[in-house]
Structure formats: C-alpha cells, structure tokens
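Peer 1: here's a sequence, model it:
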Amino acid sequence: MKRFTLFVLCALFTSATWAQDVTAQQPPVKFQSYMTLGVNFATSGAGPIFNAGCGVKVHDFFYAGFETGLYTFLAPYKKVYHYNSGTVEAEKGSYTNTAVPLGINMKGYITKDTVVIPYIDFSFGFLFGSFTDVESADYDYVDTYNVDFGCKVGLGVDYKRLTIGAGYSYLVDYGAHCGYIQFGVRLGK
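Peer 2: Numbers count the residues shown, from 1 in each chain. Below is the predicted model of the structure:
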C-alpha cells in the first residue's frame, strides 16, 4: 500500500509540473502588426513612405501578413527642346509619383531574443497609383494611372517595440530601382 501511495503522489506531482509547463508556453501563432514611416531614394529623387501591415508571427521565427500604405516619389526633371529653326528651349520642373501598395510581407527572424531581434524582410505585391513619365512625352509630362508589380528586400532590427529597416525595392513595369529606410513600431507580441 505504501508503494501505491508513493506512486500516486509521484504521478500527481509529475502531472502538476507538466501542466505548469504547458500553460507557461506561449502559443505558436501570435497576432502582430507594424506601422512604419520612412523614405525611399534613388539617384533621380526621393520621397516619404508609410507602411502598415498586419499578420501572424509563427514560433518566433517567421512572420507573414498583408501590407498597405502610401508611397510618394518626388523628382526634378529637365527637358530640352530642339526646334527646326535652331532655337533651343529648356524646361525645368518636378514631378510626383504617388502609389498605394497592396502586398504580402514576410519576415524571417534570425534569433529568438526578446529585446533585440534582427530579421530579413521580403515583400511583394501591386502598387496602384499615378506614375509620371517625363521621357515619353513630346512637349509635356504625362500622368499615367496604372498598376505596377513591385518587390522589396531588406534587413531590419526590432528593439522592444521599435523597428528599423533598410533595403532595396524595385518596380517591374516602371523600372524604378530605389533604396529605402524606415522606422516604426511593432504592435502585438
């Protein structure tokens, strides 16, 4: 009878310890979102960007979600007109490209640290907006409202609730190569 009592007490102790371990574990899938402000830049100009994304973080190593925002690109231009009469006329100005991205954002977290978390960032999707084409117009610039496919790759660091990232973005149809830097906040665990 003493052995049976000892066995029951050991079983109860073991199950109580196991129950505490199971309840102390975090769930493998957690809601997470980002809001960032930044700047994109190229040799021809620069502009402010805003990103907002929401998704899920899986096992502290992978994030997948949807993102949207507002991208702007401000650039100067100079057009030179050569007329048959031999006169030359130059026009200077600037143009603005504005687009709303809708895409998928994925992050691969390199470490499971809870304070400083470096990550690799990859996004792809479509940009809807106004893209100005200065070169194809004969005497004026042309605004075209269209859809372009874009992607971006970057590196970043989450520090507590703050995030900072930098990388490269590319618009396929428009042929724009841009770098970006962004700062923001991370919401969720």
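
Peer 1: dihedrals phi and psi, the residue nearest to V115 when sequence neighbours are not counted?
Peer 2: Closest residue to V115 apart from its sequence neighbours, by CB to CB, 6 or more residues apart in numbering: K160 at 6.2 Å. Heads up, the C-betas are built off the backbone N, CA and C, glycines and all. Note on K160: its backbone torsions stand at phi 50, psi -110 [degrees, to the nearest 10].

Peer 1: what about K160, distance to T114?
Peer 2: 9 Å (CB to CB, to the nearest Å).

Peer 1: same question, F41
Peer 2: Counting by CB to CB, the gap from F41 to T114 is 32 Å.

Peer 1: have a look at these two and say which one is more surrounded.
Peer 2: Neighbours were counted for F41 and for T114 using other CB atoms under 10 Å; F41 has more, 14 against 10.

Peer 1: could you verify that the more buried one is part of a strand?
Peer 2: Yes. With DSSP: H, G, I helix; E, B strand; the rest coil as the criterion, F41 is part of a strand.

Peer 1: which residue, other than its chain neighbours, is closest to it?
Peer 2: With CB to CB, 6+ apart as the criterion, F41 has its nearest non-adjacent residue at 5.4 Å, and that residue is G179.

Peer 1: what's the neighbour count on the one you found?
Peer 2: G179: 15 surrounding residues under other CB under 10 Å.

Peer 1: for stretch 62-80, give the mean pLDDT please.
Peer 2: For stretch 62-80, mean pLDDT rounds to 84.

Peer 1: same question, stretch 38-49
Peer 2: pLDDT averaged over stretch 38-49 gives 87.
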